[in-house]
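*Asks:* structure here, sequence nowhere to be found:
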């Protein structure tokens, strides 16, 4: 595997993208746990903030340079 030269800004973008993807995965796990344990109106209440965070992360990930 060869060495890839990148600027600090490029590395910062890679780190932000990586961190956002990790956080998205954690939120998806939380949502799945809620779906498995709650099967009533409480499920929607618990999922609402998680879904909002996931939507915000989607926007962050989409705005990061490729």
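*Replies:* Great, that's in hand. Just so you know, these numbers come straight off a predicted model, no measurement behind them.
*Asks:* show me what counts as buried in the worst-scoring helix or strand of the chain on mean pLDDT.
*Replies:* Comparing helices and strands within the chain by mean pLDDT, DSSP states H and E singles out helix 41-63 as the least confident, with a mean of 89. By neighbour count with 16 or more other C-beta atoms under 10 Å, helix 41-63 contains the buried residues 46, 47, 50, 53, 54, 57. Just so you know, the C-beta spots here come from the backbone N, C-alpha and C atoms, and that holds for glycine as well.
*Asks:* contacts only, for the spatially most central residue of the chain.
*Replies:* Centre of the chain computed as the mean C-alpha position; nearest residue by C-alpha atoms, centre = their mean is residue 24, 2.0 Å away. Residue 24 makes contact with 54, 57, 58, 61 under the criterion C-beta atoms under 8 Å, 6 or more residues apart in numbering.
*Asks:* go again with 7 Å.
*Replies:* Residue 24 makes contact with 54, 57 under the criterion C-beta atoms under 7 Å, 6 or more residues apart in numbering.
*Asks:* going forward, count from 7.
*Replies:* Noted, 7 is the first residue going forward, which turns the last one into residue 30.
*Asks:* pull the residues that contact stretch 38-47.
*Replies:* 49, 52, 53.
*Asks:* adding distance to residue 15, write those out as CSV.
*Replies:* Compiled in CSV, those are given as follows (distance: C-beta to C-beta, whole Å):
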residue, distance to residue 15
49, 42
52, 38
53, 36
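*Asks:* wait, which of the residues you listed is closest to residue 11?
*Replies:* residue 53 (43.4 Å; C-beta to C-beta).
*Asks:* I'd assumed residue 37 was in contact with the closest one.
*Replies:* Yes - A contact is recorded between residue 53 and residue 37 when judged using C-beta atoms under 7 Å, the distance being 5.9 Å.
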